[in-house]
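S.K.: following is a predicted model, sequence given first.
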Amino acid sequence: MTREIIELAKKVRSIYEKGSQDRFSLFMGSFQFPKNSCEGASRVFAHIVKKTYPQCDVKVVEGYDYLNDERHYWTLVDGWIYDLTSDQFDGFSAPLFGVIQTPLSEKFNDLEFFNNEQIFQDWYPGGRYDKLQTLAYVEDHLARI
């Protein structure tokens, strides 16, 4: 199953990159993707994984760095880490797909976990961001790949 999730993650990441290049407002920060895009990128990816593979245990992780008052989000699927925006940080040249640990959990070490409806349905990002429009954009592009 991990191989299929990794392939899905790669496809979703490429769609996020295309959306950024096309100046489509995928989520807050998406014009600078992968910078400042981690929450939306993680939640949409997690929602798609759960919808595609309902048997998987899917969680979105919010890590908080008290020292710098910063947050970072990533996705856990059956315990494997998928961080589609890790390359926004120094020392990372690529996103993380299906790894067992991330050095970012040391920096962002106060962790909160979101699952089930908390991932997408109960998420209210606010602003001009339309999560349903983003989901439709990603799903439409996935269907064409």
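M.R.: Nice, I can see it.
S.K.: CA only for contacts and neighbour counts going forward, please
M.R.: OK.
S.K.: quick one, what contacts residue 80?
M.R.: Counting by Cα atoms under 8 Å, 6 or more residues apart in numbering, residue 80 makes contact with 98, 99, 100, 101.
S.K.: same deal with residue 61?
M.R.: Applying Cα under 8 Å, 6+ apart, the residues near residue 61 are 73, 74, 75, 76, 111, 112, 113, 114.
S.K.: again, only this time at 10 Å
M.R.: 39, 42-43, 72-76, 81, 83, 105, 110-115, 119 (Cα atoms under 10 Å, 6 or more residues apart in numbering).
S.K.: these in strands, which ones?
M.R.: For the contacts of residue 61, the ones inside strands are 72-76, 81, 83, 110-115, with DSSP state E as the criterion.
S.K.: residues of the host helix or strand of residue 16 that come out buried?
M.R.: If you go by DSSP states H and E, residue 16 is part of helix 2-21. Neighbour-count burial for helix 2-21, counted by 16 or more other Cα atoms under 10 Å, picks out 5-6, 8-17, 19-20.
S.K.: what about the helices in the protein?
M.R.: Taking DSSP state H, the helices of the chain run over residues 2-21, 38-52, 104-107, 131-144.
S.K.: check the offset of the third one from the chain's centre.
M.R.: In terms of Cα atoms, centre = their mean, to the nearest Å, the gap separating the centre of helix 104-107 from the centre of its chain is 16 Å.
S.K.: return the residues in contact with the residue nearest the centre of the chain.
M.R.: For the chain, the residue lying nearest the average C-alpha position, counting by Cα atoms, centre = their mean, turns out to be residue 42 (1.7 Å). With contact set as Cα under 10 Å, 6+ apart, residue 42 has these partners: 48, 59-62, 72-76, 82-85, 119-120.
S.K.: between those residues, which is nearest residue 129?
M.R.: Residue 129 has its nearest neighbour among those in residue 120, at 13.4 Å by Cα to Cα.
S.K.: any idea how far that closest one is from residue 14?
M.R.: In this structure, residue 120 and residue 14 are separated by 21 Å, where distance is defined by Cα to Cα, to the nearest Å.
S.K.: residue 44 now?
M.R.: Taking Cα to Cα as the criterion, residue 44 is separated from residue 14 by 14 Å.
S.K.: what is in contact with those two at once?
M.R.: Between them, residue 44 and residue 14 share the neighbouring residues residue 138, with contact defined by Cα under 10 Å, 6+ apart.
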